[in-house]
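Novice: any chance you can model this:
(one chain, ligands or ions: 2)
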Amino acid sequence: MKKSTVINRSYAILQSIAISSMIFYRVSSFHHSTPSFPLLLVFASELILSFLWLLGQAYLWRPFTRETFPDRLMLREKTDQLPGIDVFICTADPEKEPPLEVMNTVLSAMAMDYPTEKLSVYVSDDGGCALTLYAMREAWEFGRYWLPFCRRFGIKTRCPKLYFSRYDDDFAGRGYEEAKEIIKLKYKLLEEHVKKAESNGEIIRGRNSKNHPAHVEVIEDESHNTTSSSEAKMPRLVYVCREKKPSVPHHFKAGALNVLLRVSNMISNAPYVLVLDCDMRCNDPSSAKQAMCFHLDPKISPNLAFVQFPQMFHNLSNMDIYDGKLRSVFSVKWPGMDGLQGPMLSGTGFYMKRMALYGDIVQKDTDFTLLKHYLGPSNVLVKSLNYVGFLYNSVIEDYLTGFTLHSKGWKSVFYNPPRPAFLGTATTKLNDTLLQGARWNCGALQVTFSRLCPLFHRLTSKMSLLQRMCYVYLSFQPLYFFPMWCLATIPQLCLLHAIPLYPKASSSLFMVFSYIFTMSQLKHLEEVLSTGDPIRTWWDEQRIWTMKAIISYTIGTMNAVLKCFGLKEANFVPTNKVANDEQIMFYQKGLFNFRASTIVLVPLVTLVTLNIICFVAGAVRSIVDGSFDAMFGQIFISFYVLAVHYPLIDGMILRKDEGWVPTSVTMLSFAISILVLCFGSLILLS
Ligand SMILES: O=c1ccn([C@@H]2O[C@H](COP(=O)(O)OP(=O)(O)O[C@H]3O[C@H](CO)[C@@H](O)[C@H](O)[C@H]3O)[C@@H](O)[C@H]2O)c(=O)[nH]1
Ligand SMILES: [Mn+2]
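Specialist: Numbers count the residues shown, from 1 in each chain. Ligands and ions are numbered 1, 2, ... in the order given. Coordinates of the predicted model:
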């Protein structure tokens, strides 16, 4: 992407000069007078921000796009020469991840446009839930009608629920209308069956998500595939529920994926693996062939570990106030890494070469006789224990696994096709978004604290400096919490006491600060517009990003520190994939839903209250005593905070609907901000 490259690099160079001047100004001012404590905190914040900014430039250095030509691939490869693919689908909680939804994902994967005998679908059920197993059997039965229907009429949307909700690839072939009606009826019946089983209480009866024996079931009818025509052929569907005991750590999703690697190893052992979260439906049946365009390209294939598709979502609103689509990750950062060594592994929607996961496996000093003593005589099983597989040291197993692959010299490819290959469910609630972010950032910091810290791990490896900077950025990103808390309180408290922290607005030194601020705003705006998003996204992103820094990064950091000292157990609470009507209504209208837990809401409301008080009192004071020029920087900061977070003020004061900020929270936050004010005055005046 030549144009972006030129813009990004010019910006990076000019901004580096400005940031260096700012640091130089700060340090040299310390020579004239010893810096006060608040000034030191602000300077520390500026240093951390500059450090992270510098790392972030690596994503922008060499952005890249790709195109595939599956038809040409099919001219070269004979259909029966295509390599096998094992699809792994993980589910864990039947309440947050309704089996009906999982079933849709499974059906969409089974219906992929790929030779049937080369495709196997494995479902991991960490919930150990009878209803999920029942739903899988039902899905297979329905698939016997659904797959031929999709094939015969060339349906593109092969997730039944999506298809019936939009019929966007409708056409008038012979017999299509009747077939459509019949299949629609069958789907209705299927839904009814599953709902009935659900209301019969099978979720409760068959469920102990922490303690259950293993259950593997190959769901197929032996006679089916031998007798039926090619149009009616079905891929293999396997239900896997691994054994779980409260005393044995099960390592969450990474543990589940490793079990699937072993089970599939003994059943189909396909050379490629597609991993999907239970809500990630296949939206384009040709994604497997698209991925094979890379995996079978003799030029890139030997070093290629995985092809990553972006996460996209079926439930986004035009006013995506929570940045549920993670724009900057999938539209900017991953294309940027694609020009280096390849994007990070993103948990779902990737085609992985199985051998890449086996890594430098067979550990030299493994005692096979001892292992056999414990595990029985199967050589296959014993060998499989040496997998490397997905790594366990962090709740973001994807990030860590991808990092070790890249540090061993593997490459990856980011492919963002015109028609989204997979569609998942985005979070549509402030609470969910911020707590999901807390888990990710806790995971990121867990990596930073571990022996695999990207800043130091395998420094001699083949990974380029820029690629490493990208990894370091994500693992250090939680540190944003420090500058964000400082800059949301200290300039404001100092403003109240007329203590200047920035040069006078009229002085030329102030230009440095205003240049840095303005340019970063313009750059962000350019980025938003270049990814085809409306201007409001620019403003909305700043708000949700600050909220994440204040809440998610802070909670994530605290959890990671507690876990590091063994004071807290590792946990992975799955994100909710069901939403009620009210939640959807707020989200669709672009209105914040402040029905959130106190721990999420109070810090935000407190900071906004503090900024209101300091802005009003400080601005008045500076005008009265004529220090406006000296205090302008700080007045501006608090004004900016209020402008960005206007929806919070609205939620505290004006809104009357259900999504407003509860009075109790407002009162509590007010009390805390008064405490902070008093405490701040004590320190600043002493
Ligand atoms: O003990 C567990 C916990 C979760 N899961 C599954 O893991 C998947 C992802 O969980 P989700 O709650 O949707 O987490 P997200 O935060 O939305 O997931 C993102 O972040 C995760 C951690 O980085 C990645 O694994 C995911 O692929 C990525 O979509 C879901 O299918 C779950 O069923 C399990 O199988 N076992
Ligand atoms: Mn998810």
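Novice: pull the number of nearby residues for Lys253.
Specialist: Applying other Cβ atoms under 10 Å, we find 23 other residues in the vicinity of Lys253. C-beta here means a position set from N, CA and C on the backbone, and glycine is covered the same way.
Novice: surely it is in contact with Glu397?
Specialist: Yes. If you go by Cβ atoms under 8 Å, Lys253 and Glu397 touch, sitting 6.1 Å apart.
Novice: need the overlap of contacts for those two.
Specialist: Shared contacts of Lys253 and Glu397 (Cβ atoms under 8 Å, 6 or more residues apart in numbering): Gly347, Phe390.
Novice: so what's the closest residue to ligand 1 within the chain up against?
Specialist: Closest residue of the chain to ligand 1, Cβ to the nearest ligand atom: Gly347 (2.0 Å). Residues counted as contacts of Gly347 (Cβ under 8 Å, 6+ apart) are Lys253, Val275, Asp277, Gln311, Ile396, Glu397, Asp398.
Novice: ramachandran angles for the third one?
Specialist: Summarising the backbone geometry of Asp277 under the convention degrees, to the nearest 10, its torsions are phi -70, psi 160.
Novice: tell me what it is bridged to.
Specialist: In this structure, Asp277 has beta-bridge partners Cys90, where bridges are defined by DSSP bridges.
Novice: now for it: which residues touch it?
Specialist: Here Asp277 is in contact with Ile89, Cys90, Gly347, Thr348, Gly424 (Cβ under 8 Å, 6+ apart).
Novice: against ligand 2, how distant is it?
Specialist: Plainly put, Asp277 is 5 Å away from ligand 2 if you go by Cβ to the ion, to the nearest Å.
Novice: try the second one
Specialist: Between Val275 and ligand 2 the distance, using Cβ to the ion, works out to 12 Å.
Novice: over to the residue of the chain closest to ligand 1. Which of the three states is it?
Specialist: Counting by DSSP: H, G, I helix; E, B strand; the rest coil, the backbone at Gly347 sits in coil.
Novice: assign a three-state SS to Tyr351, would you?
Specialist: Secondary structure of Tyr351, per three-state DSSP, is strand.
Novice: let's see which of the contacts of Gly347 end up in helices.
Specialist: Lys253, Glu397, Asp398 (DSSP state H).
Novice: OK, contacts around the second one?
Specialist: Pointing back at Glu397 there. In this structure, Glu397 makes contact with His251, Phe252, Lys253, Ala254, Leu257, Gly347, Phe390, Leu391, judged by Cβ under 8 Å, 6+ apart.
Novice: ok, for the last one, nearest residue in space, not its chain neighbours?
Specialist: By that I understand Leu391. Leu400 (4.6 Å; Cβ to Cβ, 6 or more residues apart in numbering).
Novice: how far does the helix or strand where that neighbour lies sit from its chain's centre?
Specialist: When secondary structure is defined using DSSP states H and E, the element that contains Leu400 is helix 397-407. Taking Cα atoms, centre = their mean, to the nearest Å, one finds helix 397-407 lying 15 Å from the centre of the chain it belongs to.
Novice: other SSEs contacting the helix or strand that that helix is followed by?
Specialist: Where DSSP H and E defines the elements, the next helix or strand beyond helix 397-407 is strand 411-414. In this structure, strand 411-414 packs against strand 304-308, helix 334-338, helix 397-407, with contacts taken as 3 or more Cβ pairs under 8 Å, 6 or more residues apart in numbering; DSSP states H and E.
Novice: what's next to the helix or strand where Tyr553 lies, contact-wise?
Specialist: Tyr553 is part of helix 553-564 when elements are defined by DSSP H and E. With contact meaning Cβ under 8 Å, 6+ apart, helix 553-564 is reached by 435, 437-446, 448-449, 477-481, 484-485, 568-570, 599, 603.
Novice: please repeat the previous calculation with a cut-off of 7 Å.
Specialist: Ala438, Asn441, Cys442, Leu445, Gln446, Phe449, Pro478, Tyr480, Phe481, Lys568, Ala570 (Cβ atoms under 7 Å, 6 or more residues apart in numbering).
Novice: next step: the residues you listed restricted to strands.
Specialist: Mapping these onto strands (DSSP state E) picks out no residues; all lie outside.
Novice: relative to Ser328, which of these is nearest.
Specialist: Among those, Tyr480 lies closest to Ser328 (Cβ to Cβ), at 13.6 Å.
Novice: interface residues of the chain facing ligand 2?
Specialist: If contacts are counted using Cβ under 5 Å from the ion, the residues of the chain sitting beside ligand 2 are Asp277, Thr575.
Novice: what residues does the chain have near ligand 1?
Specialist: Contact residues, the chain versus ligand 1 (Cβ under 6 Å from any ligand atom): 90-92, 97, 124, 126, 252-253, 256, 277-278, 347-348, 396, 398, 436, 440, 572, 574-575.
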